[in-house]
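Visitor: structure of the sequence below:
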Amino acid sequence: MSKTITIDINEYKPGMKVSEEILNNYGAVLVHKNTMLDKYTIHRLKLHGINSIKIYEDYEEIEVKDKNTTKVYEENINEFKSIIKDIGNGKKLDTLKVQNIVKELNDNFTSIYDIITHLNSNRGIDEYTYSHSLNVSLLCTLMGNWLELNQSQIRTLSYCGLLHDIGKSKIPPEILNKPGPLNAKEYEIMKKHSILGYNILKDNIAISKDIMLAVLMHHEREDGSGYPFGLKGDQIPLYAKITAIADIFDAMTSDRVYKKRETCFDVFEMFESDYLTKCDTSILLTFLKRIADYYIGSNVRLSDGSYGEIVFINQHQISRPIVKLEDESIIDLSKEKELIIEEVFS
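Guide: Residues are numbered from 1 along each chain as shown. A predicted model of the protein is given here:
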């Protein structure tokens, strides 16, 4: 095991790996053990007044490069849009373009800040199909890291997320872009997108079986309530389970043709109340705990019109954090049931 040393706030550098959890004044985890420092994490630590930390002595300093992630995101949405349109016109999947998109995302979106910023950005509703695929790819990458998968597995997850809805290129536009809920007949047609996606990929030697099965099974659920086969538990591959959670989270926190986005804490509550038996519990709880930690320090508006800062995540009710109000008083939303978070500010 590498030796650890304590360093001062002025010595924080990208590439250093923290050797223990770093907590705020309320005991909430700001940075998890073994996290590699980046520009965002260092800024966050300084913002919270963390004046010293413990790191592993052996580390490789990372060169910080200025990057325009918004430009990269927009360029790759346009690239993915061209892929979808080509498939809709009967052409084969351009795997080289897909590989380039995955590489661009992995090279440029290296911190949770980069990723969440673009998940929360306001996008045109007509762009949803394309931005959703990029977002799910980014979320899958995050989850792979949080689950401590190896780099090959994480890269596979990136492909799973990007291609999970590729079958929607074969769904009639009047159903895909309908400005309202689908009726029963339309929903049955929409549900075919997972099989259609699998069929697009199945003869492509550049796409692994793991990716194909994630595309096919990302709507399967642990309790057998999903589709297309009604599989349960261990019948569902790991990559499909991870892709499913990323898919649901981004769908619920995005503006759609027929509904406005939910706040992340509304979605956390939905996961806690409705999805603990539908998604893999271990994977889901890891995801919820790690992504909720990102919002520690975020400013929020509550349903009574008051404003405050999230200072602690309740591990047994992640959707109901502890908030410090502007007058310095503390509200535990797990006890103040009548209050909800109506808006989260970045």
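
Visitor: where does this protein have low pLDDT?
Guide: Low-confidence segments of the chain, defined by pLDDT under 70, span residues 1, 64-65, 122-126, 256-259, 346.

Visitor: can you map out the strands along it?
Guide: Assigned by DSSP state E, the chain shows strands spanning 4-8, 22-23, 29-31, 52-56, 299-302, 307-312, 322-325, 330-332, 341-345.

Visitor: can you name every helix or strand that the last one contacts?
Guide: Applying 3 or more Cβ pairs under 8 Å, 6 or more residues apart in numbering; DSSP states H and E, we find strand 341-345 packed against helix 264-270, strand 299-302. Any C-beta I mention is one placed from the backbone N, CA and C, and that applies to glycine too.

Visitor: and the first one, how far from the chain's centre?
Guide: Think helix 264-270. Here helix 264-270 shows a centroid-to-chain-centroid distance of 13 Å under the convention Cα atoms, centre = their mean, to the nearest Å.

Visitor: same check, this time on the shortest one
Guide: For strand 299-302, the gap between its own C-alpha mean and the chain's C-alpha mean amounts to 22 Å (Cα atoms, centre = their mean).

Visitor: which ones are touching the spatially most central residue of the chain?
Guide: Geometric centre of the chain, nearest residue: residue 139, 2.9 Å, by Cα atoms, centre = their mean. Neighbouring residues of residue 139 by Cβ atoms under 8 Å, 6 or more residues apart in numbering: 115, 119, 161, 245-246, 249-250.

Visitor: report the two of those residues separated the most.
Guide: 115 and 245 (14.6 Å; Cβ to Cβ).

Visitor: so between these two, which is more surrounded?
Guide: For residue 115 and residue 245, the more surrounded residue by other Cβ atoms under 10 Å is residue 245, and the numbers stand at 24 against 21.

Visitor: and that one, how far from residue 121?
Guide: Using Cβ to Cβ, to the nearest Å, residue 245 is found at 21 Å from residue 121.

Visitor: ok, and the closest non-adjacent residue to residue 159?
Guide: Using Cβ to Cβ, 6 or more residues apart in numbering and skipping the chain neighbours, the partner closest in space to residue 159 is residue 211 (4.9 Å).

Visitor: likewise for residue 300?
Guide: Nearest residue to residue 300, sequence neighbours excluded (Cβ to Cβ, 6+ apart): residue 341, at 4.9 Å.

Visitor: give the contact list for the one you found.
Guide: For residue 341, the contact set (Cβ under 8 Å, 6+ apart) comprises 263, 265-266, 300-303, 321, 323, 333.

Visitor: the nearest residue to residue 223 once chain neighbours are set aside and residue 221, how far apart?
Guide: Setting aside the residues directly before and after it, residue 223 is nearest to residue 277 in space (Cβ to Cβ, 6+ apart), at 5.1 Å. Using Cβ to Cβ, we find residue 277 at a distance of 8 Å from residue 221.

Visitor: tell me how many other residues crowd residue 323.
Guide: Look at residue 323: counted by other Cβ under 10 Å, it has 24 neighbours.

Visitor: quick check: closest non-adjacent residue to it.
Guide: In this structure, residue 323 finds its nearest non-sequential neighbour in residue 308, 4.1 Å apart by Cβ to Cβ, 6+ apart.

Visitor: how much space separates the one you found from residue 321?
Guide: On the measure of Cβ to Cβ, residue 308 and residue 321 end up 10 Å apart.
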